[in-house]
Structures are given as structure tokens and as C-alpha cells.
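Colleague: Sequence and predicted structure, then a few things I'm wondering about:
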Amino acid sequence: MIDNKEKNISSLSLASLNLKKTNEIIEKEILPNNEFTENDFLNAWKKFCEIEKDNGNNNILSLLNMNNPSIKDNVVFINTVNKMNFKEVNAYKNKIQAFISKELNNYSVSVEVKLSKDKNKKSYIDNKEKLDIISKSNTSVALLIDEFKLRI
């Protein structure tokens, strides 16, 4: 039920912003923040993935299964391997956060999606680079390239 004080406040005023902030603070204080273990989190994560699988959301499921999530100080970290995956998982993070919070009965849990900068990631090389590598490792190939003036 909305009291008269809330009815008379314009939605574009500073008072409305203060009222919204106050309501958010009250909601955060009311919501439970139970303790949980990493194992509890992993079980909740597996349950979320199972539900997504049952719902046929195979695309997001494969993205979530690419890397194991980690949790530190109630923040779930999900690593992604490229910008496209980052965008897709980031768009899904509120659903993930809501589910994990509910499962763990801890509403201070948040989700952060990160773009991995993997230094061990295989890079693809073009044909010219392949030829350079082969010619450096095999002098006969290098002589053949020079003799016939071969180019890519």
C-alpha cells in the first residue's frame, strides 16, 4: 500500500530519488545474507546450468561451461574468451545473480563477467608466416624459395 507521502512525490524530483534509495537500503537490510561455502556455490552453479540445459538454452550453457566460475568475497567471477561471449554472458548476469542469491539465501552475492586475456592462447598464423617458419627450419626449402623466387 502506498502511503500519502509517496503519492505526492513527483517521480522526477530529488525527494523521489531519496525515497528510492531509502527503499533499496531497507530491502537490502531485510534480505538474508546467509553464510555459504565454495562447495555450496558450486552446487548452486551446477543446478543453474542444469536448469538452463532443461530449458534448451544450450548457447548460454556452453558459454558458462567454458570456464569454471570462481567466487571471492561474495562476487562470482565468470571469465569469457572473447568479446562476443562477454556480451552474451554479461546480458545474462542478472539472471545468474538472482538464481545464485536465491539458492544460497544470500542476497549480497554479485556477478562480474570478465574478458580473459589469456597469454597462452593459441594464435593463428597466415600462410606467409607458415612459410617463414618452414624456411627457417629447413634450409632446402629456403634455397628453393630463393632459387625460383617464390612468393605468397
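Modeller: Now that the structure is in, tell me what you want to look at.

Colleague: Where does pLDDT dip in the chain?
Modeller: For the chain, the stretches with pLDDT under 70 are 1-29, 118-124.

Colleague: Give me the packing partners of the one helix or strand Ala142 maps to, helices and strands only.
Modeller: When elements are defined using DSSP states H and E, Ala142 is found to belong to helix 139-148. For helix 139-148, the contact count by 3 or more C-beta pairs under 8 Å, 6 or more residues apart in numbering; DSSP states H and E identifies helix 127-137 as packing neighbours. All C-beta atoms are positioned from the backbone trio N, CA, C, and that covers glycine.

Colleague: List the buried residues of the helix it packs on.
Modeller: Leu131, Ser135 (16 or more other C-beta atoms under 10 Å).

Colleague: How far does that helix sit from its chain's centre?
Modeller: Taking C-alpha atoms, centre = their mean, to the nearest Å, one finds the center of helix 127-137 at 37 Å from the center of the full chain.

Colleague: Who are the packing partners of the helix ranked longest in the chain?
Modeller: Secondary structure of the chain per DSSP state H: the longest helix is helix 83-104. Helix 83-104 is packed against helix 38-54, helix 58-65, strand 75-80, strand 110-115, with contacts defined by 3+ C-beta pairs under 8 Å, 6+ apart.

Colleague: what sits up against the longest one?
Modeller: The set of residues external to helix 38-54 that reach it, using C-beta atoms under 8 Å, 6 or more residues apart in numbering, is Ile60, Leu61, Leu64, Asn65, Pro69, Ile71, Val76, Ile96, Phe99, Ile100, Glu103, Leu104.
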